[in-house]
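>>> Compute the structure for the input listed below.
(one chain, ligands or ions: 1)
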Amino acid sequence: MNWYENAIFYELYPRAFADGNGDGYGDFAGIRSRLDYLEWLGVDCIWMTPVYPSPLRDDGYDVSSYYGIDPMYGLMEDFQLTVDEIHRRGMRIIVDLVVNHTSDLHPWFVEARRSKDSPMRDYYVWTNDPEKYSEARIIFIDTEESNWAYDEHSGEYYWHRFYSNQPDLNYDNPQVRAEMMKILDFWLRMGIDGFRVDAVPYLFERDGTNCENLPETHEFIREMRRYVDEHYPGTLLLAEANQWPGDLLPYFGDGDEFQMCFHFPVMPRLYMALAQKDRQSVVDILAKTPPIPAGCQWATFLRNHDELTLEMVTDEDRQFMWDYYAPESRQRLNLGIRRRLAPLMDGDRRRIELMYSLLLTLPGAPVLYYGDEIGMGDNVALDDRNGVRTPMQWNDSANGGFSTAPLENLYNPPVSGPDYGYTHTNVLAQEVTPGSMLHVIRHMVRTRREIPVLARGKLTWLDHLPQHVMCFWRENGGQRVLALHNLTDESITLELPEADGLHDALNEDSSVETEITLPPYGFRWLIEPTEAKSA
Ligand code: NOJ
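Okay, here's the model as predicted:
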């Protein structure tokens with residue numbers, strides 16, 4: 001099995017993680033000082049969101065130079081040191097590669113917009129007809145009215161799928177494609193282990209299409225994969241493509257495109273199943289998820305740095321999710337919900353741990369979002385998606401131990417207050433408390449790493465059981481695990497002759513009977529002992 005198939009990923013938001021130089025912004029020195037924690041937690045691979053120089057209009061996804069580090073995080077040497085430190089601890093690191101667009105302050109765009117005859121004009125997509133490609137949807141519907149923005153200076157419109165300050169690159173231009181290979185080269189030479197490739201579906205535009213998932217995009221991805229395979233074998237490419245399973249599958253190609261893709265559609269359905277006390281939505285989406293080529297893997301997640309996207313659900317389900325999980329309009333953003341896991345679960349530890357158990361036992365390699373492992377809250381008073389990007393809460397000292405800077409110098413304040421404030425919700429408090437949520441999640445993470453069948457094994461539902469439980473086998477030739485989940489707030493007793501002879505993987509001391517009672521939101525992982533297998 002490839003390392004990434006059974007890996008635990010951790011999404012680290014560098015600005016928010018730890019401030020090493022006391023200026024109020026997270027940085028590499030801070031990250032290095034906290035690597036012990038990630039190693040202790042059981043993380044195999046860190047995904048670091050963009051650290052390129054950027055005007056930060058989209059928190060670094062608006063790149064103004066691909067060959068540098070924003071000074072806020074440190075120097076290039078600092079980045080190298082961080083990569084080396086991560087490797088020294090046996091962990092890996094992937095970084096974001098923003099392929100689809102640049103910042104409008106990127107020198108390519110500054111030059112391109114200078115005049116229609118600029119030698120760089122063709123690095124971007126221009127028109128004088130803003131009706132062109134009108135079948136392409138608008139993604140940031142709360143802020144953008146069109147995918148075209150008028151450039152006063154040169155008198156034409158340029159194409160942008162995200163904010164208007166993020167012009168899309170023109171992938172029909174071979175120079176642009178060559179630039180991307182140079183950029184890959186630059187970062188891979190520093191020894192990183194791969195890329196989370198941002199906004200993959202939108203690289204090309206074609207009349208009469210919705211400008212997503214076009215064959216040309218797949219051709220480019222294959223070119224990129226060939227390049228890394230040849231020059232940096234073993235490099236992981238992970239796709240961010242927010243699409244239905246049928247449209248996602250082609251991104252694995254015949255094993256010659258991405259090794260991993262985020263499974264966007266399954267994520268909201270985990271929340272739906274819990275809210276509806278009914279596993280069906282998860283069963284249905286996994287039934288619609290086609291098998292993937294050998295050596296490939298899904299990346300699964302509960303939350304990330306964006307809104308909890310509801311693009312991949314029906315209108316009816318989206319409304320249900322909004323009504324249930326985001327009753328206040330300010331909790332909504334675009335087609336999603338801008339809240340963190342713990343508040344979504346009403347701070348109920350049992351439900352948070354249940355969601356982690358589902359994430360860790362269903363197919364895929366889990367990607368944890370920083371802070372969710374301690375039940376961090378959010379701050380809806382901050383605009384856009386900033387409310388779920390607040391400082392990591394390390395301890396109960398000033399600024400939650402994130403920074404020694406005066407509060408007013410912080411990029412954003414840490415969450416405070418009785419519910420999720422850093423004075424009580426923090427890493428240290430949970431580290432020193434046996435049985436805390438952090439300990440429970442760490443134990444699950446570490447147990448999961450030892451059970452590779454949970455990564456790629458076949459999934460079989462126990463479909464004779466009532467809808468309000470989510471119980472399934474994960475199995476391959478050599479190992480079998482039975483995962484049991486109670487989606488309700490009442491305890492439930494199950495007759496499970498199939499549990500005969502199994503052991504409790506999470507709690508070695510607890511005996512396993514064939515009549516099993518799951519407490520409210522309870523879960524168990526039952527594993528076939530290795531002796532039985534060889535018998
Ligand atoms: C997806 C990223 O996750 C999001 O934060 C960003 O705004 C868009 N891509 C545009 O780069």
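
>>> quick one: Arg449 and Phe9 touch, right?
No. Checked against C-beta atoms under 8 Å, the pair Arg449 and Phe9 is beyond contact range at 11.8 Å. In short, each C-beta sits where N, CA and C put it, glycine included.

>>> More neighbours: which of the two?
Phe9 (24 against 17; other C-beta atoms under 10 Å).

>>> Find the nearest non-adjacent residue to that one, please.
Leaving aside its sequence neighbours, Phe9 sits nearest to Val367 (C-beta to C-beta, 6 or more residues apart in numbering; 4.1 Å).

>>> quick one: strands adjacent to the strand or helix carrying the one you found?
Assessed by DSSP states H and E, Val367 sits inside strand 365-369. Here strand 365-369 is paired, per DSSP bridges, with strand 9-12 (parallel), strand 297-301 (parallel).

>>> Please render those strands as a markdown table that adds distance to the ligand to the earlier fields.
Converted to a markdown table, those look like this (distance: least, C-beta to the nearest ligand atom, whole Å):
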| stretch | distance to the ligand |
| --- | --- |
| strand 9-12 | 10 |
| strand 297-301 | 11 |
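
>>> Dump the ones you listed to a markdown table, plus mean pLDDT.
Rendered in a markdown table, the data for those read as follows (pLDDT from 0 to 100):
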| stretch | mean pLDDT |
| --- | --- |
| strand 9-12 | 98 |
| strand 297-301 | 98 |
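
>>> for the ligand, what are the nearby residues on the stretch 151-300 of the chain?
By C-beta under 6 Å from any ligand atom, the residues of the stretch 151-300 of the chain that approach the ligand are 162, 198-199, 240.

>>> Next to the ligand, which bits of the chain? Give me the list.
Going by C-beta under 6 Å from any ligand atom, the residues of the chain near the ligand are 58, 61, 98, 162, 198-199, 240, 305-306.

>>> sorry, back to before: please flag which of the residues of the stretch 151-300 of the chain next to the ligand sit within strands.
Residues of these located in strands (DSSP state E): Asp198.

>>> which pair in the residues of the stretch 151-300 of the chain next to the ligand spans the largest distance?
Phe162 and Glu240 (12.2 Å; C-beta to C-beta).

>>> anything in contact with each of Arg449 and Phe9?
Listed as contacting both Arg449 and Phe9 by C-beta atoms under 8 Å, 6 or more residues apart in numbering are Asp44.

>>> hmm, back to that, could you redo the residues of the stretch 151-300 of the chain next to the ligand as a markdown table and give each row neighbour count?
Shown next, in a markdown table, are these (neighbours: other C-beta atoms under 10 Å):
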| residue | neighbour count |
| --- | --- |
| Phe162 | 24 |
| Asp198 | 20 |
| Ala199 | 20 |
| Glu240 | 22 |
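
>>> want to throw the residues of the stretch 151-300 of the chain next to the ligand into JSON lines with pLDDT?
What follows is those, written out as JSON lines (pLDDT from 0 to 100):
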{"residue": "Phe162", "pLDDT": "98"}
{"residue": "Asp198", "pLDDT": "98"}
{"residue": "Ala199", "pLDDT": "98"}
{"residue": "Glu240", "pLDDT": "98"}
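
>>> and of the residues of the stretch 151-300 of the chain next to the ligand, the nearest to Asp129?
Nearest member of those to Asp129, counting by C-beta to C-beta, is Phe162, at 21.1 Å.

>>> can I assume the residue nearest to Phe9 is in contact with Glu11?
Yes. Using C-beta under 8 Å, Val367 is in contact with Glu11, at 5.7 Å.
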